[in-house]
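S.K.: sequence and predicted structure are below.
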Amino acid sequence: MIAETRARALLDAARARGWKVATAESCTGGLVAGAITDIPGSSDVFDRGFVTYSYPAKVAMLGVPQVMLTEHGAVSEPVARAMAEGALAASDADVAVAITGVAGPGASDAKPEGLVWFAIATRDVVRTERREFGALGRDRVRARSVDVALELATLAIIGG
């Protein structure tokens, strides 16, 4: 229910500014795009979504440099930033939200379960944010990530 409310707020904010939205998702596997497109009439705002779960997909679809993935790993600030910038460049959107994280299992000491990086790109600025949700389990980390992504994108549009 939170995702629906946040998706509606995002759509309303984007409509008010005449903006289009794109998503670039890894650990959420398209859930943010799904939350947005669950709302009837979202096609006037939602431009496209990129589900880039693998390294090759991030490189091919979003232009994330392979060297960046090798040096930092997918779950990192530079990669989140590059994903958002790539989604913006490869779409007709005015704002793009990117998510990359460890939903679990399979965490490491350096990148624990629940660590998620977000990036929001507009034509003028890119912001990143790190969240540590903890070991809530895969479904809950992904659900929380969707909520945060929708909220951050809405704030970028309103404050844009």
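M.R.: Nice, thanks for sending it over.

S.K.: any idea which helix or strand carries the spatially most central residue of the chain?
M.R.: Taking C-alpha atoms, centre = their mean, the centroid of the chain lies closest to Ala98, which sits 2.6 Å from it. Here Ala98 is covered by strand 95-101, with elements defined by DSSP states H and E.

S.K.: got a list of contacts for the following helix or strand past that strand?
M.R.: Later in the chain than strand 95-101, the nearest helix or strand by DSSP H and E is strand 115-122. Applying C-beta atoms under 8 Å, 6 or more residues apart in numbering, the contact partners of strand 115-122 are 27, 75-77, 79-81, 83-85, 87-88, 94-103, 107, 126-133, 141, 145, 148-149, 152-153, 156, 160. (Each C-beta comes from the backbone N, C-alpha and C, glycine too.)

S.K.: residue boundaries of the helices in the protein?
M.R.: For the chain, the helices defined by DSSP state H occupy 2-17, 31-37, 55-62, 66-72, 77-89, 138-159.

S.K.: which of the residues in the fourth one are buried?
M.R.: Meaning helix 66-72. For helix 66-72, the neighbour count (16 or more other C-beta atoms under 10 Å) marks Met68, Leu69 as buried.

S.K.: now the second one
M.R.: By neighbour count with 16+ other C-beta under 10 Å, helix 31-37 contains the buried residues Leu31, Val32, Ala33, Gly34, Ala35, Ile36, Thr37.

S.K.: save these as CSV, and put in pLDDT and distance to Phe50 too.
M.R.: Output for the buried residues of helix 31-37, formatted as CSV (pLDDT from 0 to 100; distance: C-beta to C-beta, whole Å):
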residue, pLDDT, distance to Phe50
Leu31, 98, 13
Val32, 98, 11
Ala33, 98, 9
Gly34, 98, 13
Ala35, 98, 15
Ile36, 98, 13
Thr37, 98, 14
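
S.K.: sounds good, over and out.
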